[in-house]
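Participant: Sequence and predicted structure are below.
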Amino acid sequence: MGRRAKNKQDVPLPFELENKIEGKVTKKLNDRLKHEAIRAHKQREAALKQNKDSRRMQPPASPKDNERKRKRNTAPKPNKKITKPKVESEDEEEEDTPAAATILDEDAPVDGWDNAPIVSDSDGGIDSDSELESDEEAESADDNNADSSEEEFASAEDGSAAEAEIASVNEDSESDVSGSDSGSESETVTQKPLSLLSDESDEAESDDGIESYDEFDTDAEEDDDEAVTFRDMEKRSRKIDARRQMEAEMAELELETGEAVVEGERELFELPSEEQVELEKEAPLDLSQVQLRIQEIIRVLGNFAELRDETKSRNQYMSQLKRDMCYYYGYNEFLMDKLMDLFAVGEAIEFFEANEVARPVTIRTNTLKARRRDLAQSLINRGVNLDPIGKWTKVGLTIFDSQVPIGATPEYMAGHYMIQAASSFLPVVALAPQENEKVLDMSAAPGGKTTYCAALMKNTGMVVANDANREREKALVANVHRLGASNVVVCNYDGREFPKVMGGFDRVLLDAPCSGTGVISKDASVKVNKGPEDFIMLTRLQKELILSAIDSVNADSGTGGYIVYSTCSVTVDEDEAVVNYALRKRPNIKLVDTGLDFGRPGFTSFRGHSFHSSLALTRRFYPHTHNMDGFFVAKFQKLSNKVQVSEEQVVIPTGSGATTKQRKKKKGSHH
Ligand SMILES: C[S@@+](CC[C@H](N)C(=O)[O-])C[C@H]1O[C@@H](n2cnc3c(N)ncnc32)[C@H](O)[C@@H]1O
């Protein structure tokens, strides 16, 4: 029974290919630009020809008419000289030197780093080719456990819990943006933009009969690694035809335009006037026009010196680009600004495009009850098409398609797996809880990470699974039962009350409530729901929670003393800025390696602000580079249970389980 992916694009990317593929995506965009240029050129030629014939019969246009036409003519005019866009950083011209380094102030406004240069980070790639067979060795360590826990599973199952769980299947994935209960998830974003990069629909014939012109580069190269089959032979041949046709068109265009034309009468792309921008607010353009304008602006930004309109600044191009991107992808301006700041322009498009595409469905084998190999075989027998997620996880499977609902198979009911986003494995892998430890999952519902911890700990020790939201805890309890996680204690406190409630943990996971900018493909309402107030409120909560998490850990733990902070958001305010704040407030901690050998290093500087250099140890994950939800992971080690409190320089113990009252007493006795 085959278990290969039908569509390789859906497989989480092998990490060694990250850089390569990033380049390819940019190339795809370039190809599309070229293609659009060809098409536009042909249309212009045809229009010119038609004009020549009709002009004789028409009265000349008045200057007023011309002006009106100029204003309405918002569709971009591609430059006849086709150049490969090389996107430069946004503020390159205006701000060559980065602003002076400053440590982020906790009280500074969350978006108070405007006008600073964009800092792009480098990529960290690893290999990730995967085969089901390859995990056998690694899994053998779990074999005894899986075998022995089989007995347990019959008794652990709670019918009603399983039923409740089926209803909450979707909650299992890392789609929570409501941690703060601020997201109005009912709002939906109706606008569905066309793709600026290639997508499935591009496989279909385009207007001018060129099929998949922006697809073949990537696919052909990837396909070359695989044996040619009858099934894909036809596809390959269509791609070769399309490539030839495009090359012919390119040659034709070069012949037609020639050097003289390029230099002599280059057509400039014109930004819309202020008046026109106002007009467009009343009567928006259609998406295809906006799409073309985005492409044109990117092209100009990529070769600014040559292609710019000299009366316009880079900022003016950027402003129009952001306006168009907001409209095209359906984001509010605040969020668009925040997200665009993370990337160079070309990559920002890749990020926004990736948010329009659903991530692959992934499941985590519950090693308390099953082995991945056996689970895979059972699901394959039910008509599920699956593959291992990648080499970095021995328990994950990607589901490509299934003849049965994946949240209602007998294996699911029996708790052999959790439907869980691949990104949601990462903080637990980083936390690496050990057998017999005392672990706190500070914001745990619906329990994907709690139950993974329990599995890694082989149901020994104790996992305290806390969440402030009682409703969400129903799903947490159901999952704990279904998966047979018998070492889990569920509680319902505001995480900020720890360590008053309980302290002295060996490890603490804070999978913080966040804005959800990493999971926009699952919850598009984030695009319009999140504004400045949400960020102020969320980052304050995150900062308070992270201090509580740190104070709840026992630095003297024989095996642990670690804290993992994670979010499913990619904004620096919620990630590096929170971690940097914790480092400042708690000098008794340091960042350590996450143990995740892929993902991009966190920012050590961002738009003119500097963070502690160890922020490079944190990891960022993006939908467009890792084909998983956007995610952030940081791991701290607590070095001492003593912390110096502000100017008073009073040393108090934290983390050893002492309550606030006890601590106050100890404070008096100067321990
Ligand atoms: C990202 S979700 C957690 C997902 C969970 N770790 C999992 O893997 O299934 C964030 C959680 O934080 C909870 N939360 C929000 N504010 C909280 C607070 N002050 N204390 C504790 N939990 C809180 C929310 O109810 C939400 O369940």
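Facilitator: Sure, I can see it.

Participant: Residue numbers of this protein in contact with the ligand?
Facilitator: By Cβ under 6 Å from any ligand atom, the residues of the chain that approach the ligand are 176, 179-180, 424, 442-449, 467-469, 472, 494-496, 511, 513, 568. To be clear about C-beta, it is placed using only N, CA and C from the backbone, and glycine gets the same treatment.

Participant: Among the residues you listed, which lie within helices?
Facilitator: Counting by DSSP state H, the part of these found in helices is G448, K449, R472.

Participant: Can I get those in TSV including pLDDT?
Facilitator: Shown next, in TSV, are these (pLDDT from 0 to 100):
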residue	pLDDT
G448	98
K449	98
R472	97
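
Participant: Return the members of these classed as buried.
Facilitator: With burial judged by 16 or more other Cβ atoms under 10 Å, the buried subset of these is G448, K449, R472.

Participant: Apart from its chain neighbours, what residue comes closest to the first one?
Facilitator: Of all residues not flanking G448 in the chain, Q420 sits nearest, at 4.5 Å (Cβ to Cβ, 6 or more residues apart in numbering).

Participant: is it true that the one you found touches N366?
Facilitator: No: contact between Q420 and N366 fails when scored by Cβ atoms under 8 Å: they sit 10.0 Å apart.

Participant: So which of those two has more stuff around it?
Facilitator: Between Q420 and N366, N366 has the larger neighbour count (other Cβ atoms under 10 Å), namely 29 against 26.

Participant: how many neighbours does the residue nearest to the more buried one when sequence neighbours are not counted have?
Facilitator: Nearest residue to N366, sequence neighbours excluded (Cβ to Cβ, 6+ apart): L483, at 4.9 Å. Other residues lying near L483 total 30 when counted by other Cβ under 10 Å.

Participant: Help me confirm that L483 comes into contact with A370.
Facilitator: No: taking Cβ under 8 Å as the definition, L483 is not a contact partner of A370, at 10.2 Å.

Participant: can you count the residues close to the closest residue to the ligand within the stretch 551-671 of the chain?
Facilitator: Closest contact between the stretch 551-671 of the chain and the ligand, by Cβ to the nearest ligand atom, is at C568 (6.0 Å). Close neighbours of C568, defined as other Cβ under 10 Å, add up to 32.

Participant: and what of P284?
Facilitator: 11.

Participant: Quick one: residues contacting it.
Facilitator: V290, Y327 (Cβ atoms under 8 Å, 6 or more residues apart in numbering).

Participant: Surely it is within a helix?
Facilitator: No: under DSSP: H, G, I helix; E, B strand; the rest coil, P284 falls outside any helix and is assigned coil.

Participant: so how far is S443 from the nearest residue to F603 once chain neighbours are set aside?
Facilitator: Nearest residue to F603, sequence neighbours excluded (Cβ to Cβ, 6+ apart): E576, at 5.1 Å. Separation of E576 from S443 (Cβ to Cβ, to the nearest Å): 20 Å.

Participant: Could you do F621 as well?
Facilitator: 19 Å.

Participant: What residues are bridge-paired with the residue of the stretch 251-400 of the chain at minimum distance from the ligand?
Facilitator: Taking Cβ to the nearest ligand atom as the measure, the point where the stretch 251-400 of the chain comes nearest the ligand is R364, at 10.6 Å. As for beta bridges, R364 partners with G396, M418 under DSSP bridges.

Participant: check contacts around it.
Facilitator: Shown in contact with R364 (Cβ under 8 Å, 6+ apart): T393, V395, G396, Y417, M418, Q420, F425, G448, Y452.

Participant: could you say what helices and strands whichever strand or helix holds N385 packs with?
Facilitator: Assessed by DSSP states H and E, N385 sits inside strand 384-388. Counting contacts by 3 or more Cβ pairs under 8 Å, 6 or more residues apart in numbering; DSSP states H and E, strand 384-388 packs against helix 372-381, strand 396-402.
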